[in-house]
Each structure stands twice: as C-alpha cells, then as structure tokens.
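Would you be able to build a 3D model of this:
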Amino acid sequence: MAEFDVEYDLVVVGGGASGKSAALIAARAGKNVVVLEKMPETGGLSMYVEGTAAFESSVQKELGTPRLSKYHFPTKEEGLEKLMGYSHQRANYDVARAFVENAAETIDIYRDLGVVYKTCDIAAEDDPNELWTFHLPEGLGAHCQEVLLDAIQKLDVDIFTETPAKELIIEDGRVVGVVAESEGAPLRIGGKAVILATGGMGSNPDRIFKYSWFAPAAYNMNTLTPLQNVGDGLDLALSAGADPTAITTCPLLAAGGRDMTMDSQVGGAGVNPGVWVNKIGKRFAAESVAENIGDIGSYYGKQPGGIVWSILSQADIDRLVSEGSEIAIGEFVVYHKPMDRLPIELDAHLESGLVKKADTLEELADMMDVPQDVFIETMRSYNEACEKGYDDAFMKKPQYLRAVDKAPFYAIPLATGTMGSAGGIKINGNMQVVDVDGNAIEGLYAVGLDATGLYGDSYNMEIPGCANGFAHTSGRIAARHAIANM
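Numbers count the residues shown, from 1 in each chain. Below you'll find the predicted structure:
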C-alpha cells in the first residue's frame, strides 16, 4: 500500500487554463483538490492568448450574426467537420466531438465569474475558411486566468507553486498519486485521480525536432512565451504505460520579426505581403499567403535553418505608416491601422543591427549574408513581375505586386514563432490516457496542450481560439469523469 505525505481527491499537475478548469469543477463538486505548478506562479500559456473557441455559445446567440453579415456563426456540426477535415481525418473523433459539444460552457462559466466578452470574431480579416469562433474577452487571456485563479482560491483549492511533479505513483496498474519536488525534497502526494496539464513541449526544441515536421527550424525559432513547457506531462504519461507509438506534437505557429514580440510593428511590417527570401536569396512563396496567418509560420518553418528576410523599400515603409497593415494578426497587428510606431521601432532595430538598411540591393545582400547573384536575380525577376502585373514564379495576388526598386532598401529578419505545441499524449474522449492497445490507464488523464487527438500535424488556425478553448473544455471533461469514477 502506497504511503503519502498528504492526500487529495484530485491532483492536478499544471496551473494553466486546463489545470485550473479541472480544479474548478472538482472543487465545486466538493472534492479536495491540489494544483502543482512548477513555475513561481500559475497562468500557463493562456495568459498570452487573445480569445477562446466555442460553438453555439450564448455570446454568439446574442450577437445573432457576425460583423461581416455574409458569414454565420458555426454550428457544432460544422466545428466537428472542420476539425476532422482540416486534419485529414487524423484527429481523434471522440476527442474532437467532446470538445465541440462542450466548448460553449467555457463562455458561460467566465461570464458567470464576471468576464465580459467584446465580440466573437475571426483572427484574419475576411477569410472565408475561418469559422467565427474567436470569443474575445475584455482583458484577453491574462484577465481570464486571473479570474479563474481567484475562483479556485475561493473554493480552497491548494496551490503549490515551484513544486514540479517528478514521477507518478502507480499501484496495481492504477495511478494513485505523484512524487513532487518541494524545496528540494520529495513530497509524496496521494490522489484518487491525476490530471496532467503541463502545457505540452513548445519550449523544447529537441522534442519539436523529434516529434514534428518542424525539424528545419526547430533550433532557430522565436519562443513567444516565457514558459518552461518542455514535455513533463509526456514523460510522466510514458512512465505509466501511455502509447509510445502515437507521439505527435504540432507547434502552434505564428510568424513575426526575429527576436521581436508579436505586437512589434517592425515584425508586422515584415510579415506583410512584400518580398520574402530565404538564406539562399530566393523567394519561396506567394507572399499573399500572409492573408491567412495560419500559413505564414508553416512557410517560414520549412526554409533552410528557418531563416527568412522581408525586403522592403522606403515606399513600403511610408505606406504602412500612413495606411496600415494589409493583413491582420489578431489584435497584435490590426488590419489597416496605421503603424505609427514603425519609424521609431525601425530606428532602434537598425541601431542594434537586427534590421539591415542599404542604398543598393547588392549591399543589402552582403549585409544579409545571402548569395548576391541569386538575390539580385530574385529581385530583378520580382520587379519585372510587378511591371507585368503577373507573378509567373508564385502567382502572388496582383494587388500586392509592388516593385522594390527605389532606395533605401530594408531587410527585416523573420522567423516562425512557437506559441507552444499541442499533442504528445494519446487520450480517449474522456481525456483518459490510453496505452498502445487503446485501454485507459486508470486514474490518469491528460488535458490541454499535453493531449494529442484534436489535430493532425498542424494546429487548426481555421478555428481561431482552438487551443485555448480545448484547454478549458478538456480540463472540465477530465475532472467530471474522474469524479464520477472516484
């Protein structure tokens, strides 16, 4: 019989959205709950999100129609169809359906806790492929996590920060607790169920290299969150017999200026549909793909070393300052909002050497360390396409074809950024961790970004707010199933 230093009904490993959502449900049911968080404070990746995906929510019903009236708010059936189709049927139907069926409750819970939703929108601007699921709260994700933390504290949930879980305690094939590290010493915590909510492995380049298609850029990407989400949950699950053959992690990709924040106007200028070249000086895409932000990171991530440059002229800079961005990246880069900070930010990055500026394209090539002859031919061919009004090489949309032929010229370094990663631990529709034969491992659940099953190899940007929505929803589903089986 296992011995413990302390015992609870439910042990939650991780204090992000999925972990706190699980704790809320269990505590409301009168269960004794502990949350173990290895960081100095709770919050998780959801501190940095904008919105939450949900289907047939109270907010959608009250709005009636989206702000662009030619679209509609999706049904649950449409949401499930999008998840399965986008993943080429690689998503786990049971997991996807559980998410779609239960996501709207997240909105109601937060509204009951005092969160006000500004609207339900899409992340891009007028993208016919996106579903209108992006519920945007006042204060965004950070405010929601503060509200959720306050709610579980009022329910007397114990929260141990700087207390990472190190191993699972297993008895007769059932997970009955964890061994955590507290102030350098082991702490044995018993539980009738354990929920893994450690946030995936988005901060671990080795894991991304090994378990995703993202190998070319795994070691040369922007890490957009200051979290240590390195795959702790995966290690714990594997130690308990989780399926080792189904480990897939799909990075949650964004794109922006290298070593710049998501709201950087220099980075925003760079990902606008100008001219993108890789480290060998060649274009690699119709830059108009920037209209769908879900595509940009994938294009950049496939380039040698993950290295990309955006080439702009002074005319491009002036247009962005006065007319604003031609694309939208959520609320970080707003469609057609003048980039009034761009000149100041640009000067700072020029002074630091991050951004390059030259009076000739030859000089710019040398500053970027790309082959001069290849780059000059790339720009000659591109400017010729602009003159013709047709891009033979990549069929870029003609409205974005503007010659880059008048000095000075700028080169903004771009990179795929990972906001995290989804996947790793195979689960069933109850969020139970399963073994290689599909049998549930008793007492063990995985939720949020720890769990695989909602995607194929790519995060579904056509359901904006999907990861955050699934985090909250999966946490609740796991908690309810655990309670029912206690």
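
so the residue lying closest to Leu350 once chain neighbours are set aside, which of the three states?
Nearest in space to Leu350, with sequence neighbours left out and distances taken as C-beta to C-beta, 6 or more residues apart in numbering, is Lys357 at 5.6 Å. In this view, the C-beta of every residue, glycine as well, is placed from N, C-alpha and C. Here Lys357 is recorded as strand under DSSP: H, G, I helix; E, B strand; the rest coil.

Lys357 contacts Met368, doesn't it?
No: with contact defined as C-beta atoms under 8 Å, Lys357 and Met368 do not form a contacting pair (11.2 Å).

Overlap in contacts, these two.
Common neighbours of Lys357 and Met368 are listed as Ala411 (criterion: C-beta atoms under 8 Å, 6 or more residues apart in numbering).

After the least confident helix or strand in the chain by mean pLDDT, which helix or strand is next?
When the helices and strands of the chain are compared on mean pLDDT, DSSP states H and E, strand 222-223 comes out lowest with a mean of 79. Of the helices and strands lying after strand 222-223 in sequence (DSSP states H and E), the nearest is helix 232-239.

strands paired with the least confident helix or strand of the chain, and their directions?
Here strand 222-223 is paired, per DSSP bridges, with strand 409-422 (parallel).

Would you state the helices of the stretch 301-450 of the chain in chain order?
Secondary structure of the stretch 301-450 of the chain (DSSP state H, counting those that start in this stretch): helices at 314-323, 342-352, 361-368, 372-388.

Quick one, which of those gets closest to Ile425.
Each of these has some distance to Ile425 by C-beta to C-beta; the shortest is helix 342-352, at 39.8 Å.

Show residues contacting the closest one.
With C-beta under 8 Å, 6+ apart as the test, helix 342-352 has contacts from 257, 260, 264-266, 269, 317, 320-321, 355-357, 410, 412.

Which stretches in the stretch 51-200 of the chain count as strands?
52-53, 117-121, 134-137, 158-161, 165-171, 174-182, 185-196 (DSSP state E, counting those that start in this stretch).

out of those, deepest packed?
Of all those, strand 52-53 carries the top mean neighbour count, a mean of 32, counting by mean count of other C-beta atoms under 10 Å.

And for that one, what's in contact with it?
With C-beta under 8 Å, 6+ apart as the test, strand 52-53 has contacts from 103, 106-107, 110, 133-135, 137, 144, 463-466, 468-470, 472.

Find the centremost residue of the chain, please.
Nearest to the mean C-alpha position of the chain, counting by C-alpha atoms, centre = their mean, stands Leu252 at 3.7 Å.

Secondary structure element holding it?
Per DSSP H and E: strand 250-257 holds Leu252.

residues in contact with the nearest residue to Phe375 once chain neighbours are set aside?
Spatial nearest neighbour of Phe375, chain neighbours left out: Gly281 (3.5 Å); criterion: C-beta to C-beta, 6+ apart. Residues near Gly281 by C-beta under 8 Å, 6+ apart: Ala365, Met368, Val370, Pro371, Gln372, Val374, Phe375, Thr378.

where are the low-confidence patches of the chain?
For the chain, residues meeting the criterion pLDDT under 70 lie at 224-226, 330-331.

domains for it, by residue range?
Following automatic domain parsing, the chain resolves into domains at 6-249+423-484, 252-417.

from the ones you listed, which stretch is densest packed?
domain 6-249+423-484 (a mean of 21).

Any idea how far apart the tips of it sit?
This stretch, domain 6-249+423-484, spans 22 Å end to end (C-alpha to C-alpha, to the nearest Å).

go on, stretch 172-187?
21 Å.

try stretch 80-93
Length of stretch 80-93, first residue to last, C-alpha to C-alpha: 8 Å.

Could you please name the strands the strand holding Leu252 pairs with and the direction of each pair?
Its sheet considered, strand 250-257 pairs with strand 409-422 (antiparallel) by DSSP bridges.

how distant is the partner strand from the center of its chain?
How far strand 409-422 lies from its chain's middle: 14 Å, per C-alpha atoms, centre = their mean, to the nearest Å.

swap in stretch 33-45?
19 Å.

Over to stretch 82-98?
Distance, stretch centre to chain centre, for stretch 82-98: 18 Å (C-alpha atoms, centre = their mean).
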